[in-house]
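**Student:** Predicted model follows, preceded by the sequence.
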Amino acid sequence: MDYILETTGLKKSFKGNVAVNDVSIHVPKGSIYGFVGPNGAGKSTIMKMLLDLVRPDEGEVRLFGEKVTDSSYEIFKRVGSIIENPCFYEKMTARQNLELHCEYMGFPNKERIDEVLEIVGLTNVGRKQVRQYSLGMKQRLAIARAILARPEFLILDEPINALDPDGIREMRELFQQLNQENETTIFISSHILSEVDLIADTIGIIQQGKLLAELPMEEIHKYQAEYISLQVDDTARSAAILEKMGITDFQVSDGEFIRIYSSDISGKVLSEALIKNSVGLESLGRKHDTLEDYFFQLTKGGK
């Protein structure tokens, strides 16, 4: 397989505390790779190592088949990025910041600035200085800067942070468009797992600096079983009733919910049995596991 990014055995410690522990990542060319994990798991540290902003204690990073070193200037001209909180010249306008970025990147097509400002919804900011922007506007400007020079590879650390629901949807559609129409490979971290589920075709899950899983989303979908969700006022009594009915493939969670993984059970029969035995039934419905379910099962030892 042709990989845009490969890391081998990345390790990093800060003051004796291990932040990244033997992480090897493989991002296929043309993919959208979702990188997820709890806060403090090591995501941002790894993304900084990809861009040579932090040097690993051990291991290496390869971009476009080349090892990343202190002199990898040409490689990074092919990469756009957002890492943690993006910084701008606060007393400059959006246009002035992007013009400066063009100079820095050696990208001569400044006409592209109008295009990217329109793409991210910042066409009407005029002479407004960046210091007057909201967090959401600054995040939009960061995305504009990341895609300005038409990169082949985007590294995006929480790119939808501070955006409202409409903004999140717009950025999701933009990333999908960049990937499908421009063949841009995207490496994206986000704590909004439902968004990663919607756009990623490959996923890496990290916890406490260690990569727990890396696999195509289609593999995860195979494990996303359908189930009946019950919300009841007494899970202990409900569990006993289910067992008397011969139902054993179920899981009690969150104090008031039960998941039944037997697909041939009638919802009507279930509700009648529970109500007959004086169990308060708040809700009953058929659902299926999500990426969030898979994530918590893997990181917290669930079912």
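**Tutor:** Received the coordinates, thanks.
**Student:** what ranges do the helices span in the chain?
**Tutor:** 43-50, 73-76, 94-105, 112-119, 135-147, 165-181, 193-199, 217-223, 235-244, 267-276, 291-300 (DSSP state H).
**Student:** Compare the ones you listed and give me the one nearest residue 16.
**Tutor:** Nearest of these to residue 16, taken as C-beta to C-beta: helix 43-50 at 15.0 Å. Placement of C-beta: from N, CA and C, glycine included.
**Student:** Mind listing the residues bridging to the nearest residue to residue 79 once chain neighbours are set aside?
**Tutor:** Of all residues beyond its chain neighbours, the one nearest residue 79 is residue 153 (5.0 Å), with distances taken as C-beta to C-beta, 6 or more residues apart in numbering. Beta-bridge pairing of residue 153 under DSSP bridges involves residue 79, residue 185.
**Student:** And residue 153, how close does it get to residue 185?
**Tutor:** 5 Å (C-beta to C-beta, to the nearest Å).
**Student:** So between the two, which is more surrounded?
**Tutor:** residue 185 (24 against 21; other C-beta atoms under 10 Å).
**Student:** and that one, what is it in contact with?
**Tutor:** Counting by C-beta atoms under 8 Å, 6 or more residues apart in numbering, residue 185 touches 4-5, 27-33, 152-154, 179.
**Student:** Only whichever of the residues you listed are buried, select them in PyMOL.
**Tutor:** Per 16 or more other C-beta atoms under 10 Å, the buried members of these correspond to this PyMOL selection:
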select buried, resi 4+5+27+28+31+32+33+152+153+154+179
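**Student:** Looking at the contacts of residue 185, which is nearest residue 56?
**Tutor:** For those, the nearest to residue 56 is residue 5 (14.1 Å; C-beta to C-beta).
**Student:** separation between the nearest residue to the closest one once chain neighbours are set aside and residue 34?
**Tutor:** Among residues not flanking residue 5 along the chain, residue 27 sits closest, at 4.0 Å (C-beta to C-beta, 6+ apart). To residue 34, residue 27 is 11 Å away according to C-beta to C-beta.
**Student:** shared neighbours of the two, anything?
**Tutor:** In contact with both residue 27 and residue 34: residue 202, using C-beta under 8 Å, 6+ apart.
**Student:** Can you get me a residue count around residue 11?
**Tutor:** Residue 11 has 16 nearby residues by other C-beta under 10 Å.
**Student:** any low-confidence regions in the stretch 101-250 of the chain?
**Tutor:** Across the stretch 101-250 of the chain, the ranges flagged by pLDDT under 70 are 222-225.
**Student:** quick revisit: my guess is the residue nearest to residue 79 meets residue 77, correct?
**Tutor:** No. The pair residue 153 and residue 77 does not pass the contact test of C-beta atoms under 8 Å, sitting 10.8 Å apart.
**Student:** Contact partners for residue 122?
**Tutor:** 94, 137, 140, 141, 144.
**Student:** For it, give its distance to residue 262.
**Tutor:** Taking C-beta to C-beta, one finds residue 122 at 52 Å from residue 262.
**Student:** hang on, the earlier thing: okay, and the common contacts of residue 153 and residue 185?
**Tutor:** Joint contacts of residue 153 and residue 185 (C-beta under 8 Å, 6+ apart) are 4, 5.
**Student:** re earlier: next one: the residue nearest to residue 79 from residue 24, what distance?
**Tutor:** 18 Å.
**Student:** buried stuff in stretch 155-162?
**Tutor:** Buried-residue list, stretch 155-162, by 16+ other C-beta under 10 Å: 155, 156, 157, 158, 159, 160, 161.
**Student:** typo on my end, it should be stretch 294-301
**Tutor:** Going by 16+ other C-beta under 10 Å, stretch 294-301 has these buried residues: 294, 295, 299.
**Student:** So which of those residues is the closest to residue 19?
**Tutor:** Nearest member of the buried residues of stretch 294-301 to residue 19, counting by C-beta to C-beta, is residue 299, at 17.0 Å.
**Student:** Look at the closest one and report its pLDDT.
**Tutor:** In this model, residue 299 is scored at 75, pLDDT.
**Student:** just checking, it touches residue 38?
**Tutor:** Yes. Using C-beta under 8 Å, residue 299 is in contact with residue 38, at 6.9 Å.
**Student:** shared neighbours of the two, which are they?
**Tutor:** In contact with both residue 299 and residue 38: residue 207, using C-beta under 8 Å, 6+ apart.
**Student:** Having no further points to raise, I will conclude here.
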